[in-house]
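>>> predicted model, plus sequence, below.
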Amino acid sequence: MYNYNILNDKELTDLLQQGNEHAFTEIYNRYWAKLFAIAANKIKELDEAEEIVQDIFVSLWKRRNELGVIDTLSSYLAVSVKYRVIKILDKRNNQQKYSDYSQHTANLTDDSTQQWLEFEELRSRLAAFVADLPEKCRLVYKMSRDSGFSQKRIAAELGISEKTVEAHLGKAIKTLRTRLSQFLL
């Protein structure tokens with residue numbers, strides 16, 4: 001029987017590769033606290049640091065036949081912890097980026113929905129205000145704004161002078177501007 005606590009890392013590693021559970025236990029007892037300190041120093045969440053160290057030892061036991069030559073067990077384990085910590089921090093960083101992006105996108109969606117509703121309300125009010133215009137004034141305004149006709153073409157279509165078209169448009173715009181400004185306030 002071996003006295004495992006006096007064996008060096010190389011001897012323990014050799015025994016571990018042979019499936020010796022006592023060697024594994026000695027490695028665990030010898031390095032658990034050191035590895036936990038490394039992980040906890042970087043991660044700051046003790047439960048997560050403990051999980052990292054536990055995963056390292058589980059992986060060490062599962063991969064004991066594949067380890068090959070390990071010069072310094074303590075360095076091997078410390079590097080394993082550092083890689084796991086980097087992986088966890090990278091995952092957190094990506095989650096934070098996704099969370100920030102999702103929050104930003106949600107805010108944009110909320111804003112655009114609100115803006116769309118406000119626009120629809122404004123358009124509805126404008127349509128109601130246009131419907132309240134006197135008939136000729138409303139007809140000239142719609143031909144100009146909805147159909148895109150020029151003042152000359154409106155005059156020709158309605159058989160009135162361009163000055164009359166200009167007067168109707170001026171009256172419509174002034175009335176609509178006044179009513180919309182009252183609505184917006």
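Yep, that arrived.
>>> quick check, L139 in contact with E157.
No: between L139 and E157 there is no contact, the gap being 9.5 Å when judged by CB atoms under 8 Å. Placement of C-beta: from N, CA and C, glycine included.
>>> against N94, how distant is the residue most central in space within the chain?
Closest residue to the average C-alpha location of the chain: Y101 at 2.2 Å, with CA atoms, centre = their mean. According to CB to CB, to the nearest Å, Y101 stands 10 Å off from N94.
>>> next one: Q18
To N94, Q18 is 40 Å away according to CB to CB.
>>> circling back to that earlier point, any idea whether the residue nearest to the centre of the chain is helix, strand or coil?
Three-state call for Y101 (DSSP: H, G, I helix; E, B strand; the rest coil): helix.
>>> cool, and K91?
Three-state assignment for K91 (three-state DSSP): helix.
>>> quick one, domains of this protein?
4-98, 132-184 (automatic domain parsing).
>>> for F149, grab phi and psi.
Backbone torsions of F149, given as degrees, to the nearest 10, read phi -70, psi 150.
>>> can you name the residues that contact the nearest residue to it once chain neighbours are set aside?
Closest residue to F149 in three dimensions, ignoring its sequence neighbours and counting by CB to CB, 6 or more residues apart in numbering: M143, at 4.7 Å. The contact partners of M143, by CB atoms under 8 Å, 6 or more residues apart in numbering, come to F149, R153, I154, E157, L158.
>>> got a quick ChimeraX command for the buried subset of those residues?
Buried residues within the contacts of M143, by 16 or more other CB atoms under 10 Å, are selected in ChimeraX with:
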select :149,154,158
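>>> which residues in this structure form helices?
For the chain, the helices defined by DSSP state H cover 9-17, 21-43, 46-62, 73-131, 135-145, 151-158, 162-184.
>>> what sits up against the shortest one?
Pointing back at helix 151-158 there. Taking CB under 8 Å, 6+ apart as the rule, helix 151-158 contacts K136, L139, V140, M143, S144, F149, S161, E162, T164, V165, E166, L169.
>>> test my guess that Y4 contacts L16.
No: in this structure, Y4 is not within contact of L16 by CB under 8 Å, at 10.7 Å.
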